[in-house]
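J.: Model the structure of this input:
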Amino acid sequence: MGKKLVMAQKRGETRALCLGVAMVVCAVITYYILGTTVLPLYQKSVWTQESTCHLIETNIRDQEELEGKKVPQYPCLWVNVSAVGRWAVLYHTEDTRHQNQQCSYIPGSLDNYRVARADVETVRARFHQRRVFYCFSSSRENETSVLYRRLYGPQALLFSLFWPTFLLTGGLLVIAMVKLNRSLSILAAQR
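T.: Next up is the predicted model:
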């Protein structure tokens, strides 16, 4: 009976130790992936200066209004603001600026024109309700655009690092508990 109990305990310890090591390895791999994808985007982000934006005008642009230019088949919102003492174009995020420089806000659903138009009108109404809001600007002198929300800010970096840190801590705790259990069982066997 005692030998079966010791063998079962060793198998359980081995499995728990493998679980802890697997958790640590997964955390290290995740840190590597985040370090090569999210961290460079955070470091390259120039939108670090938080400032106050005052709404100047909003305009919903359709394809008919922009003839002769390459414009997508969806409505988009164009927002002009006053920020850091100068006129600027407001973009929703960094990606919005790269997708289409003629749009400040691109609706989420582009399949249905009516739904996209309603989404753009809702966002426009929110801007008119709050005419003064916080935005992010670049420290460059000749920059004429600002962001409403940063995708690659400190909060996003901390949120990305939370689960790998939790996984690493849990794995190390499992390993430490197995080692502590082994040493306590050896001490108990010696008495």
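J.: how many neighbours does Phe166 have?
T.: By other C-beta atoms under 10 Å, 12 other residues sit near Phe166. In short, each C-beta sits where N, CA and C put it, glycine included.
J.: should've said Val79
T.: Other residues lying near Val79 total 23 when counted by other C-beta under 10 Å.
J.: Val146 now?
T.: By other C-beta under 10 Å, 24 other residues sit near Val146.
J.: give me the beta-bridge partners of it?
T.: For Val146, the beta-bridge partners under DSSP bridges are Leu90, Ser137.
J.: okay, it: pLDDT?
T.: For Val146, the model assigns a pLDDT of 86.
J.: check contacts around it.
T.: For Val146, the contact set (C-beta atoms under 8 Å, 6 or more residues apart in numbering) comprises 47, 51, 53, 81, 83-84, 88-91, 135-138.
J.: Likewise for Leu77?
T.: 58-61, 103-105, 120, 123-124.
J.: Pick out whichever of the residues you listed sits closest to Asn142.
T.: Comparing these against Asn142 with C-beta to C-beta places Ser104 closest, at 19.3 Å.
J.: Excluding sequence neighbours, find me the nearest residue to that closest one.
T.: Spatially, and ignoring its direct neighbours in sequence, Ser104 is nearest to Val79 (4.1 Å; C-beta to C-beta, 6 or more residues apart in numbering).
J.: Could you double-check that the one you found lies in contact with Phe127?
T.: Yes. Val79 is in contact with Phe127 according to C-beta atoms under 8 Å; the separation is 6.3 Å.
J.: Find residues that contact each of these two.
T.: With contacts defined as C-beta under 8 Å, 6+ apart, the residues adjacent to both Val79 and Phe127 are 55, 58.
J.: Let me see the contact set for Val81.
T.: With contacts defined as C-beta under 8 Å, 6+ apart, Val81 is in contact with 53-56, 87-90, 135, 146.
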